[in-house]
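# Take this sequence and fold it.
(2 chains)
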Amino acid sequence: QKEVEQNSGPLSVPEGAIASLNCTYSDRVSQSFFWYRQYSGKSPELIMSIYSNGDKEDGRFTAQLNKASQYVSLLIRDSQPSDSATYLCAVRVVYALNFGKGTSLLVTP
Amino acid sequence: DAGVIQSPRHEVTEMGQEVTLRCKPISGHDYLFWYRQTMMRGLELLIYFNNNVPIDDSGMPEDRFSAKMPNASFSTLKIQPSEPRDSAVYFCASSNEQGAYNEQFFGPGTRLTVL
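Below you'll find the predicted structure:
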């Protein structure tokens, strides 16, 4: 079983701070990596994807990938209470996705 | 444009009963995925289809579970007989092979409770 590991949290950050979410994966041949956000009682929604080593920025979100270390991270700048959710890291395996169990983020006003 | 549609949204049944979950993927998408989510195990892939053909069903927990996709716009996941440990949220997702790198769009899910 290919593993995708995340700290379950909860990660608590004050409003306006940077939230840093981390993910490690075990399958070295993985090529595509995704961050999904899931609000309580809702379905996952894609917020970032990354395929190459380095950083990818989209608004307040930055995804970071280090394939040598098998490590993916998500930074959320200027965190807002509306960012409070569970963040799921996913790794592509052929055409399917292997998900981590998610990190719960709480942004306090 | 409608997203992935699932029905029912909630299902409560008794142990031993048959349960059928339904999914309509986004029009034009050629991949369909069934996932199960629980607190203990997270989001697990059960089975996925490409062009209505099952490609990988290694995640189906046991023979009580079966899935079909008779056409491009409809899929079912059936549990017979159901057991309390099947209680979970079941998600259907779809994607387009032409949409590079497999962005999957999830339906709202079916919350199944087996008493």
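# CA only for contacts and neighbour counts going forward, please
Will do.
# How about the residues of chain B by chain A?
Proximity of chain B to chain A, by CA under 8 Å from any CA of the partner chain, involves residues B:33, B:41-45, B:48, B:91, B:101-109.
# Just the buried residues of those.
B:33, B:42-45, B:48, B:91, B:101-109 (16 or more other CA atoms under 10 Å in any protein chain shown).
# What's opposite residue 5 in the beta bridge?
You didn't say which chain, so I picked chain A. Judged by DSSP bridges, the bridge partners of A:Glu5 are A:Thr24.
# um, chain B though
Where B:Ile5 sits in a bridge, its partners, by DSSP bridges, are B:Lys24.
# I figured it was touching B:Cys23, is that so?
Yes. Between B:Ile5 and B:Cys23 a contact is recorded at 5.7 Å, counting by CA atoms under 8 Å.
# Tell me which of those two has more neighbours.
For B:Ile5 versus B:Cys23, neighbours defined as other CA atoms under 10 Å in any protein chain shown are more numerous around B:Cys23 (26 against 20).
# Which parts of the chain are strands?
Just going to use chain A. All strands of chain A, identified by DSSP state E, fall at A:4-5, A:11-14, A:19-25, A:33-38, A:45-50, A:54-58, A:61-66, A:71-76, A:85-93, A:96-99, A:103-108.
# other chain: chain B
B:5-7, B:10-13, B:19-24, B:31-38, B:42-50, B:53-56, B:65-71, B:74-79, B:88-95, B:105-106, B:110-114.
# Need the winner for burial among the ones you listed.
For the strands of chain B, the largest average neighbour count (mean count of other CA atoms under 10 Å in any protein chain shown) is found in strand B:88-95, namely a mean of 26.
# neighbours around B:Glu97, how many?
15.
# wouldn't it be in contact with B:Phe49 here?
No. The criterion here is CA under 8 Å, and B:Glu97 misses it with B:Phe49 at 11.8 Å.
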